[in-house]
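# pasting the sequence and the predicted coordinates here, then a few questions.
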Amino acid sequence: MMALALVAGLAIGYVSGSLAWGLWIPRVARGIDVRTLGSGNLGATNVYRTLGPPLGITVLLLDVAKGAVPVWLVPALPVAAAFPGGAEWCRLAVGSAAVLGHVFTMFAGFKGGKGVATAGGVLLALAPLPCLVCVLVFVATVAITRFISVGSMLSATAFPVTLAFTPGGARTPTFVFGVLLALLVIARHQDNIRRLLRGEERRFSLKGGSA
């Protein structure tokens, strides 16, 4: 029963994370495959830059939701009662599967986005207050530097750092998850880091496109 619960939880998280809104929304709204535009990435940033704020924000919200919703809902399902380690491990496993589903979506040849928005949704469901700190770090960093990539990496790092300064936070499985998630986000931004070092990274504009 525990094995079945584990497989079911991971499957739900992965399928939710795999929902390729960055591919589907532009295709339905404009008849465009966003993988042929800009960076070729399925994330909300590329949609925003190449097709404008309305579609970009829509994809962003849906990508956040596909991380948050399974983490909120699955622990309340009967399958969670038999999940190895209990409710917290169930949430962490489902959240991890959702992020991996976004990065390696089965609906787009296992090539998805960088996982930032979906990871944000997972963190929102796991720990709302540390997630709020992440949002503030992201907004402040982008406002100052105008680099989405820098904001994404710093905000992901802010989650485990914030937990480390809360009572007992550094001794929880959620803290370990936060560290691993931050490392994954940074690893997914290697191309951005190289462009930053070369001075070639595109800056963010509220109107879409690059500045």
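Ah, there it is.
# helices of the chain, residue ranges please.
Taking DSSP state H, the helices of the chain run over residues 2-18, 21-30, 44-51, 53-73, 87-103, 116-126, 128-145, 148-164, 173-188, 190-198.
# tilt between the fourth one and helix 2-18?
Using axes from the mean of the first three to the mean of the last three C-alpha atoms, to 10 degrees, the direction of helix 53-73 lies 170 degrees away from that of helix 2-18.
# what does helix 53-73 contact?
The contact list for helix 53-73 (C-beta atoms under 8 Å, 6 or more residues apart in numbering) reads 12-13, 16-17, 19, 21-22, 25-26, 29-30, 43-45, 47-49, 91, 94-95, 98-99, 101-102, 113, 117-122, 124-126, 206-208. For every residue, glycine as well, the C-beta is placed using N, CA and C.
# re earlier: Gly109 is nearest to which of the helices of the chain?
Nearest to Gly109, of all the helices of the chain, is helix 21-30, at 10.1 Å by C-beta to C-beta.
# show me what the closest one is packed against.
helix 44-51, helix 53-73 (3 or more C-beta pairs under 8 Å, 6 or more residues apart in numbering; DSSP states H and E).
# deepest of these, which one?
Highest mean neighbour count among these (mean count of other C-beta atoms under 10 Å): helix 44-51, with a mean of 24.
# mind checking which of the contacts of helix 53-73 are buried?
Among these, those buried by neighbour count (16 or more other C-beta atoms under 10 Å) are 12-13, 16-17, 19, 21-22, 25-26, 43-45, 47-49, 91, 94-95, 98-99, 101-102, 113, 117-122, 124-126, 208.
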